[in-house]
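Here's my sequence, what's the structure:
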Amino acid sequence: MKNLYFIFLFAFFNSSSQNDAKIIFLFEKEKDILVSNQIEDIYKIDGKHTFKFIRGKHEKVEVNYSSLKEKVITYDEFIRQNKDKKYPELFTHYSFYILMKQKDSTACLIQVEKFWMVEDKIID
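Reported below is the predicted structural model:
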């Protein structure tokens, strides 16, 4: 059963985006924001960096938290690692995920895309 779980996780990562590097941000309920409607969920990391999950387009998978916690990166670390790349084009080279820890040792891995808000208006 455990092997089947890891095969599923491996297949999910490979099928979602063959060429893009995967970036995983941790969603912290104390300081991050989640706004949901019927079509999408909007995640605000650190209160200012916005990502969206679109139902029917993106995927959510339950995973073992400890298997991915070392791959989690902060938004500031991500920007620092990419300081030589142009902003906002650097976002086109990555697949973004949000890891939402559950009460037990599991977590929800959520595929998202970056978008920008200007004066509370969405810019795609």
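
okay, CA-based contacts and neighbour counts for the rest of this
Noted.

This structure: helices as residue ranges?
2-16, 65-68, 75-81 (DSSP state H).

can you pull the buried residues of the second one?
Of the residues in helix 65-68, those buried under the neighbour-count criterion (16 or more other CA atoms under 10 Å) are Tyr65.

next one: it to chain centre, how far?
14 Å (CA atoms, centre = their mean, to the nearest Å).

Okay, now the unreliable bits of the chain?
Confidence mapping of the chain against pLDDT under 70 gives the ranges 1-19, 118-124.

quick one, what contacts the one residue sitting closest to the centre of it?
The structure's the chain has its C-alpha centroid closest to Tyr97; by CA atoms, centre = their mean the separation is 1.8 Å. Listed by CA atoms under 8 Å, 6 or more residues apart in numbering, the contact set of Tyr97 reads Lys22, Ile23, Ile24, Phe25, Leu109, Ile110, Gln111, Val112, Glu113.

quick check, nearest of those to Gln81?
Ile23 (11.6 Å; CA to CA).

Now that closest one: closest residue in space that isn't a chain neighbour?
Phe96 (4.9 Å; CA to CA, 6 or more residues apart in numbering).

what about that neighbour, how many residues close to it?
20 (other CA atoms under 10 Å).

Would you mind confirming that it makes contact with Lys22?
Yes: assessed by CA atoms under 8 Å, Phe96 is found in contact with Lys22 at 6.0 Å.
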